[in-house]
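Colleague: Give me a model of this one.
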Amino acid sequence: MIRIAGLLVCLFFMLNAKAQNYKIDEAGEVIFNHYQIFLTEPAQNIKELENMEGEEIKGTLSPDGNKIIIENYTKKEKLRVKVEYKSGRVEEFTRSPCFIDPLVM
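Modeller: Now for the predicted structure:
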């Protein structure tokens, strides 16, 4: 009876994870589907978004331009970013994993 209850609880959490913006890997770590980088001012264009090995990362600007929404991010990975702000200024910077936040929808 306890095993059945345990299986039901696990099934509930697995189904809940599918409905949310995250999943749980084999090691029990939570993996989010989307992450975000907050910007210092509204941007109009992402010129470059890549990891430190030079692999392109898929990202889009939020509707207000204040953050970059990242889709294919591997957790604990530093990113190189180049954006053009609405003011016309172009900035290139890196973000460590500490400043790349999960996006909870």
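
Colleague: contacts, neighbours, all on C-alpha from now
Modeller: OK.

Colleague: what's the spacing between the spatially most central residue of the chain and residue 87?
Modeller: Geometric centre of the chain, nearest residue: residue 35, 1.3 Å, by Cα atoms, centre = their mean. Using Cα to Cα, to the nearest Å, residue 35 is found at 25 Å from residue 87.

Colleague: rewinding a little: pLDDT value on the residue lying closest to the residue nearest to the centre of the chain once chain neighbours are set aside, please?
Modeller: Nearest non-adjacent residue to residue 35, counting by Cα to Cα, 6 or more residues apart in numbering: residue 102, 4.3 Å away. pLDDT, residue 102: 90.

Colleague: Report the contact partners of residue 102.
Modeller: 32, 34, 35, 36 (Cα atoms under 8 Å, 6 or more residues apart in numbering).

Colleague: show me where this protein has helices.
Modeller: 2-19 (DSSP state H).

Colleague: And the longest strand along the chain, what's buried?
Modeller: Counting by DSSP state E, the longest strand found in the chain is strand 43-51. If you call a residue buried by 16 or more other Cα atoms under 10 Å, then strand 43-51 has these buried ones: 43, 44, 45, 46, 48, 49, 50, 51.

Colleague: who are the neighbours in contact with the residue nearest to the last one when sequence neighbours are not counted?
Modeller: Excluding its sequence neighbours, the residue lying closest to residue 51 (Cα to Cα, 6+ apart) is residue 79, at 4.4 Å. For residue 79, the contacting residues are 49, 50, 51, 52, 94, 95, 96, 97, by Cα under 8 Å, 6+ apart.

Colleague: What score does the fourth one have for pLDDT?
Modeller: What it means is residue 52. Value for residue 52, per-residue pLDDT: 93.

Colleague: That one: neighbour count?
Modeller: Using other Cα atoms under 10 Å, residue 52 is surrounded by 12 other residues.

Colleague: Quickly list what the residue nearest to the centre of the chain is bridged to.
Modeller: residue 70, residue 102 (DSSP bridges).
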